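Asker: Build me a model:
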Amino acid sequence: MDAPKAGYAFEYLIETLNDSSHKKFFNVSKLGGTKYDALPYSIRVLLEAAVRNCDGFFMKKEDVVNILDWKTKQSNVEVPFFPARVLLQDFTGIPAMVDFAAMREAVKTLGGDPKKVHPACPTDLTVDHSLQIDFSKCAIQNAPNPGGGDLQKAGKLSPLKVQPKKLPCRGQTTCRGSCDSGELGRNSGTFPSQIENTPILCPFHLQPVPEPETVLKNQEVEFGRNRERLQFFKWSSRVFKNVAVIPPGTGMAHQVNLEYLSRVVFEEKDLLFPDSVVGTDSHITMVNGLGILGWGVGGIETEAVMLGLPVSLILPEVVGCELTGSSNPFVTSIDVVLGITKHLRQVGVAGKFVEFFGSGVSQLSIADRTTIANMCPEYGAILSFFPVDNVTLKHLEHTGFSKAKLESMETYLKAVKLFRNDQNSSGEPEYSQVIQINLNSIVPSVSGPKRPQDRVAVTDMKSDFQACLNEKVGFKGFQIAAEKQKDIVSIHYEGSEYKLSHGSVVIAAVISCTNNCNPSVMLAAGLLAKKAVEAGLHVKPYIRTSLSPGSGMVTHYLSSSGVLPYLSKLGFEIVGYGCSTCVGNTAPLSEAVLNAVKQGDLVTCGILSGNKNFEGRLCDCVRASYLASPPLVVAYAIAGTVNIDFQTEPLGTDPTGKNIYLNDIWPSREEVHRVEEEHVILSMFKALKEKIEMGNKRWNSLEAPDSVLFPWDLKSTYIRCPSFFDKLTKEPVALQPIENAHVLLYLGDSVTTDHISPAGSIARNSAAAKYLMNRGLTPREFNSYGARRGNDAVMTRGTFANIKLFNKFIGKPAPKTIHFPSGQTLDVFEAAELYQKEGIPLIILAGKKYGFGNSRDWAAKGPYLLGVKAVLAESYEKIHKDHLIGIGIAPLQFLPGENADSLGLSGRETFSLTFPEELAPGITLNIQTSTGKVFSVIASFENDVEITLYKHGGLLNFVARKFS
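Answerer: Predicted coordinates:
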């Protein structure tokens, strides 16, 4: 379908980027005078899209004016939005692509050219939801001594597809192999060599190894189980112009979107415009951290955008979040992200846009910004937007954007005033509400000594620990007598004498848990270790130290940045990739330490970067345990005690006797961000790009057709040509009356899309299961409804199959209904099938908020294929009502104050309804029942676009006719 002529009403705003460029853009900053300058950046993106796509039908000049008048129209008007692109994951992508394939068939049947059928905008589809864990090996087996006990009796290591050859140990104290151990431990001055540039590493030798057998087996099963779907995806990527498929095994939708698909500024036929995206993944909001407007929507909205229609939204309120001040030097990225998230949750920003401004924004790395944006569900905002600034451009440079691309991007964004500049604070937009967060108010903290919810500011750690010694035994107290609180016990360990006291650290672990997901905190730990070693500091050898990264990638960037040897020098050597210290799998403490603890009845401490520190979990002789960020774990290990005030007391002394304080070796946020960009981001993006562009052996060797029309396999139970176009005519026919319709279901209030739409596993006694078994499948081969969304026969049978569905005809929760002509109680599908054979149309009776819940495309498609012509409800969830119209089901609404009960309807009557030739939004219609009752209802159409789509029999028919 040729794109409608858009932007014609605002052609006068088109300008050339600069004198030497052929690139053009709509200079929306010249629209509305000072009104534009007062708009939040996120609303400016909405405005530019409205101007560029103004075609007088889907997008009207009135919509542009409403967005420009955001200050007075916010929360009061609905506006359309044309995103620049769409992102699908495979579960929601399969029905959309099947519909496009079926549309090609329909267009050919109508005499049109099927080659013209393509998505109207770039569509990226990531195959990331089909993996199931068929094979697994307990990750804990990779710990040096899982669960303690005799190593000879411990479980074997997870087998590898190809066993690696024996390699030199390089001094890892936990090595099990028969390696030649050198004098390269933490007491040696020699560092082990850095590992090779590979994300998959041997946890004990830091050498490349083959992929684990479990990974290979799961991928093999995934390709076998989903071969038909994968072949269909590959065909789609070959024949549709705007479709790109990210093959399985590459990454999850939101991560690939952030790391590879983001354009920031689009360039299409020499026209520049802001990148924006909607998609079927709730983590789409991450991209707002890059200055890309985006949020998650349902499958049917995404498909509508692919078909050339806009998504609709109420013009939102925009909360301006001003970040001021400078963060505490000891604050990590996680502290900042969680502090901001907590503040937004307390303020209340549900259903609104949040936009960040102020001098503090520049202190946030892109990782910080995208994490905050990704946590929108935590505080209820639609999205959290960070306008593009110099930090963004620097990040994009490391992700592979060319210098020329970055220059034109910056020039364009500044021309349309979408580039944030700290120096121009006088021109900040106006917001619905402004909240301030002073980064100084975010303080570093730890949790403990017995529960993760008991947070303690690092500055209060010494006083808090002393208070815990005094308190009665309980959630925090240890009840140590005052005269014993300063007791010291000497121990002899490895030829030296040391002193233990209350608060002494005996376990310090950076483990594969919460903190490891953010590279900045792991790098901060490594940089702190580097500075500590260079200053001559060390960790006492009796402290049980360990480093258990979350993945080989963590090891890779710690090594490539040059900090891994310094962590090893302090004793933080890699022990494996799995849960260890936090679940009690630490190696035993030395006898000297155990005896000293018992002798002095000491409250010794463990400190770890995990998320669980319940009393006694680490070891029964370690009574206090604290959760801390990785750099603080290293710092407390060096100090050897938690009974320290880092601001006034030194960690230790250098070789000359000079006191070294934590402030002397703590890396600045700028230093961490720089290393993160240069060693983590660059390498990760390069690896991801290569992975996507090269694909993998299974995907590359997968055979798929390249014909114009998809060769449907009639025996397939995964991919089937849907019947949406079966009765399609070249021109829409006049609206047909609904005559003598039976009620398929009589439902109450708050029927959710989960009640309606097929989801989850396929029950063995369901209509879908009977269909699959009739085709020779066993229950083990059923897979899930999500995996079979490309088969309308399965999905139709799964509609209203939820065991929690309460149909008033049945009187109890069950996916059943009554077929009134015969009086039989049947599965909903079986009853609908009988009605269709008898030529009887169907309606649904419902109460308030019909279609409440998550947006689900099959919550509309399924009822349509069951033969439902209309839904009559007291009220609707708006998104679902839009979906009903989009598929061709009439949304009818009882008059205010009326419902089925008040009108005396039993649902056992038949219903008849005639539509006028001139159907108008909100028109009142009359329904007549077989009992002679006549009552009025509202045709719940809101505008001419909805009426046009309904007259065509839904969106799919409307677009198919356009292509024909």
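Asker: Every contact and neighbour count from this point should use C-alpha atoms.
Answerer: Noted.
Asker: Residue 847: neighbouring residues, count only.
Answerer: 21 (other Cα atoms under 10 Å).
Asker: need the contact list for it.
Answerer: Counting by Cα atoms under 8 Å, 6 or more residues apart in numbering, residue 847 touches 747-750, 873-875, 899.
Asker: 7 Å - rerun?
Answerer: Residue 847 is in contact with 747-749, 873-875, counting by Cα atoms under 7 Å, 6 or more residues apart in numbering.
Asker: So it: helix, strand or coil?
Answerer: Taking DSSP: H, G, I helix; E, B strand; the rest coil as the rule, one finds residue 847 in the coil state.
Asker: where along the stretch 1-150 of the chain do the strands fall?
Answerer: 14-16, 24-26, 78-81, 85-89, 123-126 (DSSP state E, counting those that start in this stretch).
Asker: which one of those strands lies closest to residue 910?
Answerer: strand 78-81 (36.3 Å; Cα to Cα).
Asker: In terms of secondary structure, what does that closest one contact?
Answerer: On a contact count with 3 or more Cα pairs under 7 Å, 6 or more residues apart in numbering; DSSP states H and E, strand 78-81 meets helix 41-52, strand 311-314.
Asker: possible to save the strands of the stretch 1-150 of the chain as a markdown table with distance to residue 786 and mean pLDDT?
Answerer: Shown next, in a markdown table, are those (distance: least, Cα to Cα, whole Å; pLDDT from 0 to 100):
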| stretch | distance to residue 786 | mean pLDDT |
| --- | --- | --- |
| strand 14-16 | 45 | 94 |
| strand 24-26 | 41 | 96 |
| strand 78-81 | 28 | 95 |
| strand 85-89 | 11 | 91 |
| strand 123-126 | 15 | 89 |
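Asker: Kindly reformat the ones you listed as JSON lines containing distance to residue 655 and mean neighbour count.
Answerer: Listed next are these as JSON lines, based on distance: least, Cα to Cα, whole Å; neighbours: other Cα atoms under 10 Å:
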{"stretch": "strand 14-16", "distance to residue 655": "64", "mean neighbour count": "15"}
{"stretch": "strand 24-26", "distance to residue 655": "63", "mean neighbour count": "22"}
{"stretch": "strand 78-81", "distance to residue 655": "65", "mean neighbour count": "20"}
{"stretch": "strand 85-89", "distance to residue 655": "57", "mean neighbour count": "24"}
{"stretch": "strand 123-126", "distance to residue 655": "56", "mean neighbour count": "25"}
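Asker: looking at those, which is closest to residue 329?
Answerer: It's strand 85-89; of the strands of the stretch 1-150 of the chain, that one is closest to residue 329 (Cα to Cα) at 38.7 Å.
Asker: for this protein, longest helix please?
Answerer: In the chain, with assignment by DSSP state H, the single longest helix is helix 90-109.
Asker: Show me what it is packed against.
Answerer: Helix 90-109 packs on strand 123-126, helix 955-963, going by 3+ Cα pairs under 7 Å, 6+ apart.
Asker: Dump the helix or strand hosting residue 392 to CSV, restricted to CA.
Answerer: Using DSSP states H and E, the element containing residue 392 is helix 390-398. The C-alpha coordinates for helix 390-398 follow below in CSV (Å, rounded to 0.1, in the frame of the first residue of the first chain):
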residue,chain,number,x,y,z
ASN,A,390,26.2,15.1,24.9
VAL,A,391,26.2,12.0,27.1
THR,A,392,23.9,10.3,24.6
LEU,A,393,26.1,11.2,21.6
LYS,A,394,29.2,9.9,23.4
HIS,A,395,27.5,6.6,24.0
LEU,A,396,26.3,6.3,20.4
GLU,A,397,29.9,6.9,19.3
HIS,A,398,30.9,3.8,21.2
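Asker: what's stretch 385-405 in contact with?
Answerer: With Cα under 7 Å, 6+ apart, stretch 385-405 has contacts from 41-42, 288-291, 354-356, 362, 366, 406, 418-421, 677-678, 681-682, 685.
Asker: er, stretch 632-649 I mean
Answerer: 459, 462, 465, 503-505, 508-510, 525, 538-539, 607-609, 651-652, 661-662.
Asker: For the residue nearest to residue 114 when sequence neighbours are not counted, give me its contacts.
Answerer: Computed as Cα to Cα, 6 or more residues apart in numbering, the closest residue to residue 114 that is not its neighbour in sequence is residue 104, at 4.7 Å. For residue 104, the contact set (Cα under 7 Å, 6+ apart) comprises 114, 117, 709.
Asker: In a helix, residue 743, correct?
Answerer: No: under the criterion used here (three-state DSSP), residue 743 is strand, not part of a helix.
Asker: Tell me the buried residues in stretch 274-286?
Answerer: 274-286 (16 or more other Cα atoms under 10 Å).
Asker: And the residue sitting furthest away from the middle of the chain, how far from residue 643?
Answerer: For the chain, the residue at maximal distance from the C-alpha centroid (Cα atoms, centre = their mean) is residue 483, at 54.2 Å. Going from residue 483 to residue 643 by Cα to Cα, to the nearest Å gives 17 Å.
Asker: What of residue 719?
Answerer: On the measure of Cα to Cα, residue 719 and residue 643 end up 65 Å apart.
Asker: could you pull out the strands for the stretch 451-600 of the chain?
Answerer: 455-457, 488-493, 496-501, 505-510, 544-547.
Asker: Of the ones you listed, flag the one that's most buried.
Answerer: Burial of those is given as mean neighbour count (mean count of other Cα atoms under 10 Å); strand 505-510 ranks first at a mean of 28.
Asker: Show residues contacting that one.
Answerer: 542-548, 581, 604-609, 630, 633, 637, 640-642.
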